[in-house]
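**Q** What follows is a protein structure lacking sequence information:
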Ligand SMILES: NC(=O)C1=CN([C@@H]2O[C@H](COP(=O)(O)OP(=O)(O)OC[C@H]3O[C@@H](n4cnc5c(N)ncnc54)[C@H](OP(=O)(O)O)[C@@H]3O)[C@@H](O)[C@H]2O)C=CC1
Ligand SMILES: Cc1cn([C@H]2C[C@H](O)[C@@H](COP(=O)(O)OP(=O)(O)O[C@H]3O[C@@H](C)C(=O)[C@@H](O)[C@H]3O)O2)c(=O)[nH]c1=O
């Protein structure tokens, strides 16, 4: 049976994959077991498993910190995907890689398509965009999926941050002028399994956008988290200028998902429905 290696297996998306793809021939490797910037170490895993697919869930995801650690972010988000693409080419494996809505500047109105111009506003987005380009230049057999605002019951994310902050604060202020789409990482994990299950064909390689359906600001997202979890807190909408951060984030990053829906025959859940599911799972874990 062909093996699928998941890199960044202990991150948020990696753990969602472990949860939804239990019965697959997947090998989950942590950052310690497989450092994606270490070619010699990766090569040993390729030799051991001769994988049919690599799913790269590993990334440098600290958006603000990246502004001060440009070299490290570039090593993980740009150079390492190039190393992976080179190894996939040598071993004839399909590379599935995850990218981000933060490749967009955010000044466009209307849905962002795969062909829309990317122009990142920060180091994280730039290094991720460069990672996409690097893969595209090295190895044709790839699927790159740009997603946005990932959250789940695992690792660190906005939903868990909001619930944690609400425990010892009486009020919270959240930006209402950055608009995008929250995406339950479990839904994305299910899509990745479906894509692999259906045997990827040559005409399916390329770049795709995937998020949940719908549109929200970070304020709307926080509001729904508190509403759906019956959390009592005073929540105020604020402007980006009133919440200064090191990295500038896109004001608008709602993506058009027509291509992935059509190509893989997907029905995508609305973000509020998926948020409900996630909060339910979080509750089960806590009880
Ligand atoms: N989180 C989000 O909101 C979004 C994420 N994305 C993209 O989705 C993908 C998955 O993100 P997510 O699961 O949320 O991120 P996480 O930060 O939860 O997980 C990233 C994982 O990468 C690992 N990692 C970091 N450096 C290396 C390395 N050199 N070698 C191997 N592993 C490494 C980390 O391990 P360790 O902790 O041990 O360092 C961590 O387990 C990423 O490509 C990200 O850019 C896209 C849009 C939104
Ligand atoms: C905690 C907090 C954040 N915010 C704002 C800051 C920011 O504009 C927005 C989101 O904050 P965060 O820093 O949690 O999220 P951020 O790390 O910017 O999330 C991004 O992560 C990377 C990895 C991606 O690829 C993106 O798609 C996106 O999900 O909310 C508030 O307004 N109030 C608050 O109390």
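**A** Sure thing, it's come through. Just so it is clear, the model here is predicted, and its values are computed rather than measured. Ligands and ions are numbered 1, 2, ... in the order given.
**Q** from here on, contacts and neighbour counts on C-alpha atoms
**A** Will do.
**Q** gap between the nearest residue to residue 252 once chain neighbours are set aside and residue 99?
**A** Nearest in space to residue 252, with sequence neighbours left out and distances taken as C-alpha to C-alpha, 6 or more residues apart in numbering, is residue 106 at 4.3 Å. Distance of residue 106 to residue 99, given as C-alpha to C-alpha, to the nearest Å: 16 Å.
**Q** For the stretch 101-250 of the chain, which segments count as helices?
**A** 123-138, 158-168, 185-197, 218-228 (DSSP state H, counting those that start in this stretch).
**Q** Show me what the last one is in contact with.
**A** I take that to be helix 218-228. Helix 218-228 has contacts (C-alpha atoms under 8 Å, 6 or more residues apart in numbering) with 159, 162-163, 174-176, 178-180, 182, 232-233, 235-237, 272, 275-276, 279.
**Q** Check the second one too.
**A** Under the contact criterion C-alpha under 8 Å, 6+ apart, helix 158-168 has outside partners 149, 151-153, 172, 222, 225-226, 231, 233.
**Q** circling back: determine which stretch of the helices of the stretch 101-250 of the chain is the most buried.
**A** helix 123-138 (a mean of 22; mean count of other C-alpha atoms under 10 Å).
**Q** looking only at pLDDT, what's the mean for that one?
**A** The pLDDT scores in helix 123-138 average 98.
**Q** Show me what that helix is packed against.
**A** helix 70-74, helix 80-91, strand 94-100, strand 142-147 (3 or more C-alpha pairs under 8 Å, 6 or more residues apart in numbering; DSSP states H and E).
**Q** Would you quantify the distance from the residue nearest the centre of the chain to ligand 2?
**A** Centroid check for the chain by C-alpha atoms, centre = their mean gives residue 147 as the closest residue, at 5.1 Å. Residue 147 sits 7 Å away from ligand 2, going by C-alpha to the nearest ligand atom, to the nearest Å.
**Q** next one: residue 254
**A** 10 Å.
**Q** Would you agree that residue is in contact with residue 181?
**A** Yes. Between residue 254 and residue 181 there is a contact under C-alpha atoms under 8 Å: 6.0 Å.
**Q** Give me the common contacts of those two.
**A** With C-alpha under 8 Å, 6+ apart, residue 254 and residue 181 have common neighbours residue 215.
**Q** Give me the more crowded residue out of residue 106 and residue 99.
**A** residue 99 (25 against 22; other C-alpha atoms under 10 Å).
**Q** Surely the more buried one touches residue 145?
**A** Yes. Using C-alpha under 8 Å, residue 99 is in contact with residue 145, at 5.7 Å.
**Q** still on that earlier bit, select from the contacts of helix 218-228 every entry located in strands.
**A** 174-175, 179-180, 235-237 (DSSP state E).
**Q** Make JSON lines from those and add distance to ligand 2 to it.
**A** Formatted as JSON lines, those follow (distance: C-alpha to the nearest ligand atom, whole Å):
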{"residue": "174", "distance to ligand 2": "3"}
{"residue": "175", "distance to ligand 2": "4"}
{"residue": "179", "distance to ligand 2": "10"}
{"residue": "180", "distance to ligand 2": "8"}
{"residue": "235", "distance to ligand 2": "10"}
{"residue": "236", "distance to ligand 2": "9"}
{"residue": "237", "distance to ligand 2": "8"}
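**Q** So which of those residues wins on neighbours?
**A** residue 180 (24 neighbours).
**Q** Quick one: residues contacting that one.
**A** 148-149, 215-218, 252-255.
**Q** Those residues: which two are farthest apart?
**A** 218 and 255 (15.7 Å; C-alpha to C-alpha).
**Q** Over to stretch 206-221 now: how far is its first residue from its last?
**A** 30 Å.
**Q** I meant to write stretch 105-122 there.
**A** End residues of stretch 105-122 are separated by 9 Å (C-alpha to C-alpha).
**Q** Stretch 113-125 too?
**A** 16 Å.
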